[in-house]
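Trainee: Have a look at this prediction, sequence included:
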Amino acid sequence: MLRHKITRNRKGSSDVTILSGGRFLLAAAFIIFIIFPFFGKRLFGFIGGTGANAYSIDKGFADLITKVKDLQEGGETVPHPFTVDDGFYLVSFNYVEPTNGKATKPPDCNGIACFCVCTEPTCLKLDVKNNKGRDCRPLPGYSAIVAQKGIKGNDGQRQVNTYSDDNEGYYFYVKGEKTVAVNLRRRISSLYGSMLYIGKIK
C-alpha cells in the first residue's frame, strides 16, 4: 500500500514537472516569436545599438571601411560603389577639425578622422522615432579625408587640404538616396601625414 502511494506521488510529481516545462516552453516561444520581433529593435536602439543602420548604405559602408583600412601608402587606386539610402547621410571628418562645414564630428569618432552614417544633416541627433542610430567608424592612421571636386552626389564643402593633384579639396558629404562610385587612394602628404583621397571615376 505504501509502495503504491509512493509510486502514485512520483507520477503526480512528474506530471507537475511536465506541465511546468510545457509552460516554460510556451513562454519562451511567446517571447521569441511575438515580443522580441516587435520590441527587440527598440531595445537595442535604447541601449545604443545601431542595427537600423545596417541598411543605410547597403553593405557598401562596411566594405568602404574595410577597403580604406587596407589601403597601402602610395598604392593602387581602388574603386568603390555604394548606395546611400533615403533619410541617411554619409559624411567624413578629418583628424583636427571638429566640423566638416555642415556636420559636427560626433564623440563616436574618438577625436580622429572617421566616416559616419547619420540620420540628419548635422550628425548630432538620433532618429529615435524611427529607431535609427548613428554609425561612426574611426580611421586610425589617417589625418584627413579629401574628396575631389565634381564627384557626383558629393555635396561637401571646400576644406583647407588640397586634393592629390593640388586642386581644391572637399569634404565628403552625401545625402541619400544616391548611388555613388568613387576611387580610393592613400598617400602621404608632407604637411598633413597620411591622407585618404576620394576621387571621381571617369
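Mentor: Yes, it's here.
Trainee: Isn't residue 112 up against residue 97?
Mentor: No. Residue 112 lies out of contact with residue 97 (CB atoms under 8 Å); the separation is 11.4 Å. C-beta here means a position set from N, CA and C on the backbone, and glycine is covered the same way.
Trainee: Quick check, residue 180 in contact with residue 147.
Mentor: No. Using CB under 8 Å, residue 180 is not in contact with residue 147; the gap is 10.6 Å.
Trainee: For the chain, just list every one of the strands.
Mentor: Applying DSSP state E to the chain gives strands spanning 56-59, 78-84, 89-93, 114-118, 135-138, 144-148, 158-159, 169-170, 173-175, 178-189, 193-200.
Trainee: could you dump the ones you listed to a markdown table with mean neighbour count?
Mentor: A markdown table is the format used below for the strands of the chain (neighbours: other CB atoms under 10 Å):
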| stretch | mean neighbour count |
| --- | --- |
| strand 56-59 | 19 |
| strand 78-84 | 17 |
| strand 89-93 | 26 |
| strand 114-118 | 24 |
| strand 135-138 | 20 |
| strand 144-148 | 25 |
| strand 158-159 | 17 |
| strand 169-170 | 24 |
| strand 173-175 | 21 |
| strand 178-189 | 17 |
| strand 193-200 | 20 |
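Trainee: Including mean pLDDT and distance to residue 105, could those go into CSV?
Mentor: Formatted as CSV, the strands of the chain follow (pLDDT from 0 to 100; distance: least, CB to CB, whole Å):
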stretch, mean pLDDT, distance to residue 105
strand 56-59, 66, 18
strand 78-84, 93, 19
strand 89-93, 96, 4
strand 114-118, 95, 7
strand 135-138, 94, 9
strand 144-148, 97, 12
strand 158-159, 96, 13
strand 169-170, 98, 16
strand 173-175, 96, 13
strand 178-189, 93, 20
strand 193-200, 94, 16
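Trainee: Sounds good, over and out.
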